[in-house]
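> Requesting a structural model of the entry that follows:
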Amino acid sequence: MLRTGAEHYRRGHEFPGWYPALASVTPRSAWTSGDRSEDFSRVCADLGSGPAVIRDYVKSMKHYWDEAAFIADLTDTAAAWTVAGRFRELREDEFTGGFVVRCFEQFISAEARTWWVDGQCRLVTAHPDTPGDLPPGELDVAALEPLIASLSLPFVTADLAQRADGAWRVIEVGDGQVSDRPTSASPEAFVTAILREPGVPSPGSACGPQR
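From the prediction side, this is the model:
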């Protein structure tokens, strides 16, 4: 039997599955089912005005920031739909679920990836996209523990970044079995942390930063 079945996978990896539990610690968001322009316009209106970013249920196109990720103002419906259309074009057959529109927040750090087994944080690493940007040793994820635990998922990751006001915010959650390990995290230390017995702490901070 798979430890992470299809239902668990979708709840941990697709945006609508995890967002309600973590809404207090992640940018305000709304989403569509499918790619219809009228549904996209509706969720933009629900969020009000100001800048936003878009993605689908599983992925952003952040490497195409200006053309397929960032919306300068949600009230400029024509410009917003141009960005959404380009995003949809780039995702092609991999487009999943619908459009997710997220209110923009200014972040001042690289992302850190936290690894959770049965609701317990086992490890903090750099994000695989920025393996040289190690997370701070004092990063405390205690406030996230009851939120992640409420998902009742066996193995997930949560990517965090520091907002301009100093708060650490959840950027996204993903299924742990398909999440990349950053090259700056040694395989041996990674496996030891993920497989250790419940309740046994890692050395270092509350969640055992990987150096």
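> The particular helix or strand that has residue 157 in it: partners in the sheet, and parallel or antiparallel?
Using DSSP states H and E, residue 157 sits in strand 155-162. Take DSSP bridges as the rule and strand 155-162 pairs in its sheet with strand 112-117 (antiparallel), strand 168-175 (antiparallel).
> Could you check how far it is from the centre of its chain?
Relative to the centre of its chain, strand 155-162 is centred 6 Å away, using Cα atoms, centre = their mean, to the nearest Å.
> most centrally placed residue in this protein?
The centroid of the chain falls nearest to residue 172 when counting by Cα atoms, centre = their mean (0.9 Å).
> Bridging across strands, which residues link to the nearest residue to that one once chain neighbours are set aside?
In space, and not counting its chain neighbours, residue 172 is closest to residue 159: 5.3 Å by Cβ to Cβ, 6 or more residues apart in numbering. In this view, the C-beta of every residue, glycine as well, is placed from N, C-alpha and C. Beta-bridge partners for residue 159, by DSSP bridges, are residue 113, residue 172.
> number of nearby residues for residue 159?
A count of nearby residues for residue 159, using other Cβ atoms under 10 Å, gives 18.
> That one contacts residue 127, correct?
Yes. Residue 159 is within contact range of residue 127, at 6.1 Å (criterion: Cβ atoms under 8 Å).
> Quick check: neighbours shared by these two?
Common neighbours of residue 159 and residue 127 (criterion: Cβ atoms under 8 Å, 6 or more residues apart in numbering): 111-113.
> re the thing from before, quick one: contacts of the strand holding residue 157?
3-4, 12, 18, 22, 107-118, 127, 135, 139, 141, 144, 148, 168-177, 179, 194.
> model confidence over it, on average?
Mean per-residue pLDDT for strand 155-162: 97.
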